[in-house]
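**Student:** Everything below, folded, please.
(2 chains)
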Amino acid sequence: QQPVQSPQAVILREGEDAVINCSSSKALYSVHWYRQKHGEAPVFLMILLKGGEQKGHEKISASFNEKKQQSSLYLTASQLSYSGTYFCGTANFGNEKLTFGTGTRLTIIP
Amino acid sequence: DSGVTQTPKHLITATGQRVTLRCSPRSGDLSVYWYQQSLDQGLQFLIQYYNGEERAKGNILERFSAQQFPDLHSELNLSSLELGDSALYFCASSAPRTSGYNEQFFGPGTRLTVL
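**Tutor:** Residues are numbered from 1 along each chain as shown, chains lettered A, B, ... in the order given. So this is what the prediction gives:
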């Protein structure tokens, strides 16, 4: 089943913070976060593994609550370049296939 | 630039036709994934190959097929095309899993328009 992301869309002014959430109904092994600009390929941001390990972008942080099967992506002091649609992708143990969420469209205005 | 290449960039064809989309993974990556992205469906996983063998399958239609060749490039074949097949098709690749991380790197995509 497809993870559910919230909010669906958000508009921020430059410098404000944003939180994007991703919830799954299935037990997760890893959560991947991607950003996609219109008409372009998704770009890898971060990966979080069950157990707390993570790897990714220096200026973006994320959390993974295994009990709640949720992940949140934190964008602080947002820049114009952060605009785009953010997708979470979830994977189960032993399975590299990603099931992507519904997407969150983030618009940063000056 | 992710290092994943896809050709062609754009493809316009008619209903009932057959097309082939090509993907070359990043150097050293053994896994190739295919995704379909249409306006109302988001990113949908189609199929994964690992070192030439099918590893996982998503909601891929019977009219669609894929393969990965010995040089690790992959092709996605779409036949008996319908209007609803119009979408962006992405290929992604990832390195052999060693530590649990398997971030996927996406190619630029092929935009397919079926008229």
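**Student:** C-alpha only now, for contacts and for neighbours.
**Tutor:** OK.
**Student:** What residues does chain A have near chain B?
**Tutor:** Contacts of chain A with chain B, taken as Cα under 8 Å from any Cα of the partner chain, map to A:32, A:40-44, A:47, A:49, A:96-103.
**Student:** so, if you compare those, which one comes nearest to chain B?
**Tutor:** Nearest to chain B among those is A:Ala41, at 5.1 Å by Cα to the nearest Cα.
**Student:** Tell me how many other residues crowd the closest residue to the closest one other than its chain neighbours.
**Tutor:** Leaving out its chain neighbours, the residue that sits closest to A:Ala41 by Cα to Cα, 6 or more residues apart in numbering or on different chains is B:Pro108, at 5.1 Å. Here the number of neighbours of B:Pro108 (other Cα atoms under 10 Å in any protein chain shown) works out to 25.
**Student:** now do A:Gln69
**Tutor:** Residues near A:Gln69, counting by other Cα under 10 Å: 20.
**Student:** What about the closest residue to it other than its chain neighbours, how many residues nearby?
**Tutor:** Nearest-residue entry for A:Gln69: A:Ser24, 5.6 Å, with adjacent residues in sequence omitted and distances by Cα to Cα, 6+ apart. Neighbour count for A:Ser24, taken as other Cα under 10 Å: 19.
**Student:** How about B:Pro96?
**Tutor:** Neighbours of B:Pro96 using other Cα under 10 Å come to 15.
**Student:** following the helix or strand of chain A with the lowest mean pLDDT, which helix or strand comes up?
**Tutor:** When each helix and strand of chain A is scored by mean pLDDT, DSSP states H and E, strand A:54-56 comes last, with a mean of 70. Tracing the chain C-terminally past strand A:54-56 and defining elements by DSSP states H and E, one meets strand A:60-65 next.
**Student:** That next one: partners in the sheet, and parallel or antiparallel?
**Tutor:** Strand A:60-65 pairs in its sheet with strand A:70-75 (antiparallel), by DSSP bridges.
**Student:** ok, and what's touching the strand it pairs with?
**Tutor:** Applying Cα atoms under 8 Å, 6 or more residues apart in numbering or on different chains, the contact partners of strand A:70-75 are A:17-24, A:31, A:33, A:59-65.
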